[in-house]
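A.B. asks: sequence plus the predicted model coming up.
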Amino acid sequence: MDTSRFNLDQVNLRSKGKLPEHMGIRFTSIQDGELQAEIEIQPFHLAPNGFLHAGSIVTLADTACGYGCIAHLPQGAENFTTIELKSNHLGTAREGVIAVTAKPVHLGRTTQVWDATVIHKDTGKTIALFRCTQMVLWPK
């Protein structure tokens, strides 16, 4: 991991003006093999039924895994793109803070696989389990 490019300040700055900032995603920890982020639930994170929207959860988890992938690209790789994602939703919330921890399962030259667990920060209750596969992109 290139810590000069991917320290906590740089990761949060990278989100400016993009979906992660709009969603209120704030990275709280970045280290080799793990990223953590959180969202303070706002009304726009909720579905019409008043519970946390699944898309809000997936956006938090996918963002953490995506930044993890960027931070752990092989030497010489240019970027990545997500080729598959899956989420299992085990609970929900209406208020408070949800937090995610993303960890790599596989860091290959052509693909990476990342797992993320989303919890309600106040209760510790698991909200969702998430897995995604990214394709590593190389210069032409």
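C.D. replies: That came through, no problem. Residues are numbered from 1 along each chain as shown.
A.B. asks: mind listing the helices for the chain?
C.D. replies: 8-14, 19-22, 54-71 (DSSP state H).
A.B. asks: which neighbouring elements make contact with the last one?
C.D. replies: Judged by 3 or more C-beta pairs under 8 Å, 6 or more residues apart in numbering; DSSP states H and E, helix 54-71 is in contact with helix 8-14, helix 19-22, strand 26-31, strand 34-40, strand 79-89, strand 97-107, strand 111-120, strand 126-137. Bear in mind the C-beta positions are built from the backbone N, C-alpha and C, glycine included.
A.B. asks: one more pass at 7 Å, please.
C.D. replies: For helix 54-71, the elements it packs on are strand 34-40, strand 79-89, strand 97-107, strand 111-120, strand 126-137, judged by 3 or more C-beta pairs under 7 Å, 6 or more residues apart in numbering; DSSP states H and E.
A.B. asks: and for the first one?
C.D. replies: Helices and strands touching helix 8-14, by 3+ C-beta pairs under 7 Å, 6+ apart, are strand 26-31.
A.B. asks: ok, G50 - contacts?
C.D. replies: R94 (C-beta atoms under 7 Å, 6 or more residues apart in numbering).
A.B. asks: pLDDT score for it?
C.D. replies: For G50, the pLDDT comes out at 96.
A.B. asks: including distance to G68, could the helices and strands packed on helix 54-71 go into TSV?
C.D. replies: Formatted as TSV, the helices and strands packed on helix 54-71 follow (distance: least, C-beta to C-beta, whole Å):
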stretch	distance to G68
strand 34-40	5
strand 79-89	10
strand 97-107	5
strand 111-120	6
strand 126-137	9
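A.B. asks: closest to the centroid, which residue in the chain?
C.D. replies: With distances taken as C-alpha atoms, centre = their mean, A64 lies nearest the centre of the chain, 1.7 Å away.
A.B. asks: what about the residue nearest to that one when sequence neighbours are not counted, neighbour count?
C.D. replies: Leaving out its chain neighbours, the residue that sits closest to A64 by C-beta to C-beta, 6 or more residues apart in numbering is A102, at 3.8 Å. Neighbours of A102 under the rule other C-beta atoms under 10 Å: 27.
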